[in-house]
Structure formats: structure tokens, C-alpha cells
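**Q** quick one: sequence plus predicted model below, questions after.
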Amino acid sequence: MTSPVLADHPVQVRTYGRVPAELISYAARKVEVVLRHAPAPVLLVRIKLSHDRGAAPSEACVRVDVDVNGADVHVRAAAPTLIEAVDLMQRRLRARVQRVHRR
């Protein structure tokens, strides 16, 4: 990943199931947009994407773990598609990162 915000941080990305490369980039961009406004330095980012098409109904999950200068932020989102799960994750991550600022 070469995004400006994430380039300076250790970023770990794991995928489970069939996750297209463009969705990995999409998730990274969504995380980057939120972390651009982090109230403190971001020390670590972990992104996990999974998609189980064999399940009925299909379920996609995204989990993001971020270390914002020692404050751990964890977000999980599930939806029928990865795009929906990533979009939901971004909204939740934004809210949680804003709460770090208020601590």
C-alpha cells in the first residue's frame, strides 16, 4: 500500500476467502480517509477482509484494528457484500477515532 497516510505506518492486511485486489485497495483508501483526521499519530493498522460466498446468505466481514498513539481502536462490520461492509466499517471507524480525541 502506498497511500500517504498509511505509508508511514505498519499496515497488515489479511484476506480470507475470495477478496479481489481492488477491494483491498478500496478498504485501505476508506481507512486512510478516516486516519487523515486522527487526533494523534497512528502507530499500527490491521485490516482483515473476509467473504464467504458459500454461506447462505453470503456474508462479508471487515475488521480494522488501529493503534492511535497507544489507544486501541477496534471496528468490525458485516454486510451482504464487501463494499457494504467496508462502507459501514468506515462510518464506525470515524466515530471511534473521534472518541479517542475526546478521551
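**A** That came in fine, so what should we check first?
**Q** Ala38: what's it in contact with?
**A** 66, 68, 97, 100 (CB atoms under 8 Å, 6 or more residues apart in numbering). For every residue, glycine as well, the C-beta is placed using N, CA and C.
**Q** can you check Arg92 too?
**A** 75, 77.
**Q** report the secondary structure state of it.
**A** Following DSSP: H, G, I helix; E, B strand; the rest coil, we place Arg92 in the helix state.
**Q** and the spatially most central residue of the chain, bridged to which residues?
**A** With distances taken as CA atoms, centre = their mean, Val64 lies nearest the centre of the chain, 4.0 Å away. Under the criterion DSSP bridges, Val64 forms beta bridges with Ile47, Val75.
**Q** top of the contacts of Ala38 by neighbour count?
**A** Neighbour tally across those (other CB atoms under 10 Å): the maximum, 24 neighbours, falls on Val66.
**Q** so, low pLDDT: which residues of this structure?
**A** 1-10, 53-57, 101-103 (pLDDT under 70).
**Q** quick one: end-to-end length of stretch 41-60, please.
**A** End-to-end distance for stretch 41-60: 30 Å, by CA to CA, to the nearest Å.
**Q** for that stretch, the distance to its chain's centre please.
**A** In terms of CA atoms, centre = their mean, to the nearest Å, the gap separating the centre of stretch 41-60 from the centre of its chain is 8 Å.
**Q** so for the one helix or strand Val86 maps to, what gets flagged as buried?
**A** Under the criterion of DSSP states H and E, Val86 resides in helix 82-102. Neighbour-count burial for helix 82-102, with 16 or more other CB atoms under 10 Å as criterion, is recorded at 82, 85-90, 92-94, 96-97, 100.
**Q** which single one of the residues you listed is nearest to Val42?
**A** Nearest to Val42 among the buried residues of helix 82-102 is Val97, at 9.1 Å by CB to CB.
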